[in-house]
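Engineer: Can you look at this prediction? I've put the sequence above it.
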Amino acid sequence: MAENRHKSLGLSDEQVLDMFRTMLLARRIDERMWLLNRAGKIPFVISCQGQEAAQVGASYALDREKDYALPYYRDMGVVLSFGMTAQDLMLSGFAKAEDPNSGGRQMPGHFGQKKNRIVTGSSPVTTQVPHAVGIALAGKMEKKDFVSLVTFGEGSSNQGDFHEGANFAGVHKLPVIFMVENNKYAISVPVSKQLACEKVSDRAIGYGMPGYTVDGNDPLAVYEAVKAAADRGRNGDGPTLIETVSYRLTPHSSDDDDRTYREREEVDEAKKKDSIVTFANYLREQGILTEEKETEMNDEINKIVNDATDYAENAAYAEAESALSYVYEE
Amino acid sequence: MAVISYIQAVTQALKEEMQRDEKVFVLGEDVGKRGGVFRATDGLYDEFGEDRVLDTPLAESAIAGVGIGAAMYGMRPVAEMQFADFIMPAVNQIISEAAKIRYRSNNDWSAPITIRAPYGGGVHGALYHSQSVEAVFANQPGLKIVMPSTPYDVKGLLKASIRDNDPVLFFEHKRAYRLIKGEVPDEDYTLPIGKADVKREGSDITVITYGLCVHFALQAAEKLAEEGIDAHILDLRTVYPLDKEGIIEAASKTGKVLLVTEDNKEGGIISEVSAIISENCLFDLDAPVKRLAGPDVPSMPYAPTMEKYFMMNPDKVEKAMRDLAEF
């Protein structure tokens, strides 16, 4: 039998199984959204596929009762881990009034849900980074011991807001975890044309924080790195930059065609490392994911996704005139 | 009632709000030990310490963005942009984020941040220390833009801005800082954001303006009064959203309207005021609505000849008022 890697991280069999379940749920919701998009039922999809391990591994390393998440548009795994439901996500996909992210105002992938401390985001990339720093600053001022996790792509690590936010957090030693989900592409532009340094994590030293690069297809490696970063933050030792390296398995969005800029062989090769496959294999080898459990899990998730789809499809849109509300406090 | 300067009103408002509410804090460049390059935060560092009077790295987008994050958490940040001209790196945070946070989250989140910035010319500040930037932000629903003219208005409106549950841009005229003095009550008070204020009652012509130009108009009005021209002067105080009722009332009162700003003429605040008047007051007007503004050049030049040519002053306002009265 392969080495048990999760026990030494303090994770029980139930916890790793739950992590896998959340990863699988994210994947299945995402896949359903593509079907709905291609069937003409929802206008837009932007995927988490290929990044579920990083998203779920990181989230499970946090205290999801008090820590803050500032996700970017691919982070379905993060928001599911922080308490958003499949139904919430489908309501967002269909742009229905009950969508807790925005009431149908924003495109899917623009997450936000205050009750779960998922901070509202926009489309201009990386603007959430200074927000994560501000929330951590507020926590420090209020003498709270939460940390904020902010995620973004490797392309976004070129934006001024990343550098300004990281520097601010470094100077003021704030409990922020900057997590770059390096999926190798910023729409069509590969990492080699985004970064002159070898790794995104090389940028950490400029801001007085440690930087680590971990396998983004391995939820346990990500868990370990983020847990250590959260401990550092809570101990008053400041921020950490973590780069999770995986691969974007889908086109950038439902409006993109990745065949115009990357080879199929490259995508096929990446699929061999897909965490949904590799982590399932690990759990099977550990005897945790039995055939019976797997069937049960697949059936359960299938039902959740079906129910969420049906509910969201039949839910009401917001009243047209409600477009006028909440410009200011009412 | 004590007589204080415009900038003392800023400092007092900040100090009293920080005493009143522990969630209020100040962040910006040089606001701490130095007390601000204009000394607007003078004494706050000593009274409240470095955690509530935060010297930030020199990076405007972070000053706004970190403030917005803290505001979303529930704090009451007052961010200072050292000069309004330097707000540009923070525009994405202000327009894409602060202005839209409540709307895009369907009222789930809000960003009650106040962003202060000294604006305006006539101080030998050249292109990048003289600008009026309000027009950049004045078509962004979700924002409020306050531009007070007197110490009384500064103090009451800055307190109101800090207590407001939405983002407010608070532009202070840097030449007014020490030039303008006025009476301010000793007790705590706020003034309503979104309400213009009649600074002089009159019956012949109406001048609608804001900021330092209010004083130019008041000075001109006193001179014209000697000639028998009685000017009505409306101070917008909040330039976004505009006080439409107040504008319509003031324009209709005399039927002759002069709009004054030291900003460029095209596409500015007074253009919108003009549109409001033309939509609502046609049958009350006795003359075309006139705009008096800076020329449409990128910004105010350094050399005194050119600066004076660009800058608004009481003589320019007086001439425009007289011309209108004689129409």
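Structural biologist: Received the coordinates, thanks. Residues are numbered from 1 along each chain as shown, chains lettered A, B, ... in the order given.
Engineer: Just give the closest residue to A:Met23, not the sequence neighbours.
Structural biologist: Setting aside the residues directly before and after it, A:Met23 is nearest to A:Glu52 in space (Cβ to Cβ, 6 or more residues apart in numbering or on different chains), at 4.0 Å. All C-beta atoms are positioned from the backbone trio N, CA, C, and that covers glycine.
Engineer: quick one, strands of the chain?
Structural biologist: Defaulting to chain A. A:68-70, A:148-153, A:176-182, A:185-186, A:189-190, A:211-215, A:240-245 (DSSP state E).
Engineer: Chain B, not that one
Structural biologist: B:2-5, B:24-28, B:53-55, B:76-80, B:114-119, B:144-146, B:168-173, B:181-184, B:197-200, B:205-209, B:231-235, B:238-240, B:257-264, B:290-294.
Engineer: Now that we have these, can you turn them into TSV and tack on mean pLDDT, mean neighbour count and distance to A:Met76?
Structural biologist: Formatted as TSV, the strands of chain B follow (pLDDT from 0 to 100; neighbours: other Cβ atoms under 10 Å in any protein chain shown; distance: least, Cβ to Cβ, whole Å):
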stretch	mean pLDDT	mean neighbour count	distance to A:Met76
strand B:2-5	97	14	55
strand B:24-28	98	25	34
strand B:53-55	98	22	35
strand B:76-80	98	27	31
strand B:114-119	98	27	33
strand B:144-146	98	26	35
strand B:168-173	98	26	35
strand B:181-184	98	17	54
strand B:197-200	98	18	51
strand B:205-209	98	29	52
strand B:231-235	98	26	51
strand B:238-240	98	25	37
strand B:257-264	98	26	46
strand B:290-294	98	21	51
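Engineer: can you redo those strands as a markdown table with distance to A:Glu294?
Structural biologist: Below are those laid out as a markdown table (distance: least, Cβ to Cβ, whole Å):
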| stretch | distance to A:Glu294 |
| --- | --- |
| strand B:2-5 | 74 |
| strand B:24-28 | 52 |
| strand B:53-55 | 52 |
| strand B:76-80 | 50 |
| strand B:114-119 | 54 |
| strand B:144-146 | 56 |
| strand B:168-173 | 55 |
| strand B:181-184 | 73 |
| strand B:197-200 | 71 |
| strand B:205-209 | 72 |
| strand B:231-235 | 72 |
| strand B:238-240 | 58 |
| strand B:257-264 | 67 |
| strand B:290-294 | 72 |
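Engineer: Contact partners for the nearest residue to A:Gln87 once chain neighbours are set aside?
Structural biologist: The shortest distance from A:Gln87 to any non-neighbouring residue, by Cβ to Cβ, 6+ apart, is to A:Ala308 (4.3 Å). The contact partners of A:Ala308, by Cβ atoms under 8 Å, 6 or more residues apart in numbering or on different chains, come to A:29, A:85-87, A:89-90.
Engineer: Tell me who's in contact with the closest residue to chain A within the stretch 101-250 of chain B.
Structural biologist: Of all residues in the stretch 101-250 of chain B, B:Asn106 sits closest to chain A, at 3.3 Å by Cβ to the nearest Cβ. B:Asn106 makes contact with A:99, A:102-103, A:105, A:326, according to Cβ under 8 Å, 6+ apart.
Engineer: Pull out whichever of these are also neighbours of chain B.
Structural biologist: A:99, A:102-103, A:105, A:326 (Cβ under 8 Å from any Cβ of the partner chain).
Engineer: Most neighbours among these, which one?
Structural biologist: A:Asp99 (27 neighbours; other Cβ atoms under 10 Å in any protein chain shown).
Engineer: Tell me the spacing between that residue and A:Gln106.
Structural biologist: 8 Å (Cβ to Cβ, to the nearest Å).
Engineer: Overlap of the contact sets of these two?
Structural biologist: A:Ser92.
Engineer: isn't A:Asp145 right up against A:Asp231?
Structural biologist: No: at 10.8 Å, A:Asp145 does not count as touching A:Asp231 under the criterion of Cβ atoms under 8 Å.
Engineer: show me the contacts for the most centrally placed residue in chain B.
Structural biologist: In chain B, the centroid-proximal residue (Cα atoms, centre = their mean) is B:Met147; its distance is 1.4 Å. Neighbour list for B:Met147: B:119, B:134, B:171, B:173, B:210-211, B:236-239 [criterion: Cβ under 8 Å, 6+ apart].
Engineer: for residue 83, what are its contacts?
Structural biologist: Chain wasn't specified; assuming chain A. A:64, A:113, A:115-116, A:118.
Engineer: actually chain B
Structural biologist: B:117-119, B:125, B:128-129, B:174.
Engineer: Apply 6 Å and report the result again.
Structural biologist: Contact partners of B:Phe83, counting by Cβ atoms under 6 Å, 6 or more residues apart in numbering or on different chains, are B:118, B:129.
Engineer: Tell me the residues of the stretch 151-300 of chain B that contact chain A?
Structural biologist: By the rule Cβ under 6 Å from any Cβ of the partner chain, the part of the stretch 151-300 of chain B lying against chain A is B:165-166.
Engineer: Any stretches of the stretch 151-300 of chain B with poor pLDDT?
Structural biologist: Counting by pLDDT under 70, the stretch 151-300 of chain B contains no low-confidence segment.
Engineer: Show me the helices in it, by range?
Structural biologist: B:151-163, B:176-179, B:213-226, B:244-254, B:269-280 (DSSP state H, counting those that start in this stretch).
Engineer: and the ones you listed, which is most packed in?
Structural biologist: Ranked by mean neighbour count under mean count of other Cβ atoms under 10 Å in any protein chain shown, the helices of the stretch 151-300 of chain B are led by helix B:151-163, which reaches a mean of 24.
Engineer: burial measure for A:Asp256, as a count.
Structural biologist: A:Asp256: 15 neighbours (other Cβ under 10 Å).
Engineer: oh, I was asking about A:Ile304
Structural biologist: 17.
Engineer: Next up, the contacts around it.
Structural biologist: Counting by Cβ under 6 Å, 6+ apart, the residues that A:Ile304 touches are A:Ala86.
Engineer: what's stretch B:16-29 in contact with?
Structural biologist: By Cβ under 6 Å, 6+ apart, stretch B:16-29 touches B:41, B:48, B:52-54, B:56, B:58, B:63, B:75-80, B:82, B:159, B:162.
Engineer: Run through the neighbouring helices and strands of the longest helix anywhere in chain A.
Structural biologist: Counting residues, the longest helix found in chain A (DSSP state H) is helix A:13-38. In terms of contacts (3 or more Cβ pairs under 6 Å, 6 or more residues apart in numbering or on different chains; DSSP states H and E), helix A:13-38 is packed against helix A:52-60, helix A:76-81, helix A:86-93, helix A:275-285, helix A:291-314.
Engineer: so how far is the shortest one from its chain's centroid?
Structural biologist: Here helix A:76-81 shows a centroid-to-chain-centroid distance of 6 Å under the convention Cα atoms, centre = their mean, to the nearest Å.
Engineer: Grab the CA positions of that helix and hand them over as CSV.
Structural biologist: The C-alpha coordinates for helix A:76-81 follow below in CSV (Å, rounded to 0.1, in the frame of the first residue of the first chain):
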residue,chain,number,x,y,z
MET,A,76,-15.7,27.3,-7.2
GLY,A,77,-13.7,24.9,-5.0
VAL,A,78,-13.0,27.7,-2.6
VAL,A,79,-16.5,29.0,-2.3
LEU,A,80,-18.0,25.5,-2.0
SER,A,81,-15.6,24.9,0.9
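Engineer: quick one: contacts of it?
Structural biologist: A:22, A:25-26, A:48, A:52, A:55-56, A:59, A:69, A:71, A:111, A:118.
Engineer: Buried subset of these as a ChimeraX selection?
Structural biologist: Remark: buried members of the contacts of helix A:76-81, expressed as a ChimeraX selection using 16 or more other Cβ atoms under 10 Å in any protein chain shown:
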select /A:22,25,26,48,52,55,56,59,69,71,111,118
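Engineer: List the contacts of stretch B:120-130.
Structural biologist: The contact list for stretch B:120-130, computed with Cβ under 6 Å, 6+ apart, reads B:83, B:85, B:173-175, B:212, B:299-300, B:302, B:311.
Engineer: change it to 7 Å
Structural biologist: B:83, B:85, B:132, B:173-175, B:211-212, B:262, B:298-302, B:307, B:310-311 (Cβ atoms under 7 Å, 6 or more residues apart in numbering or on different chains).
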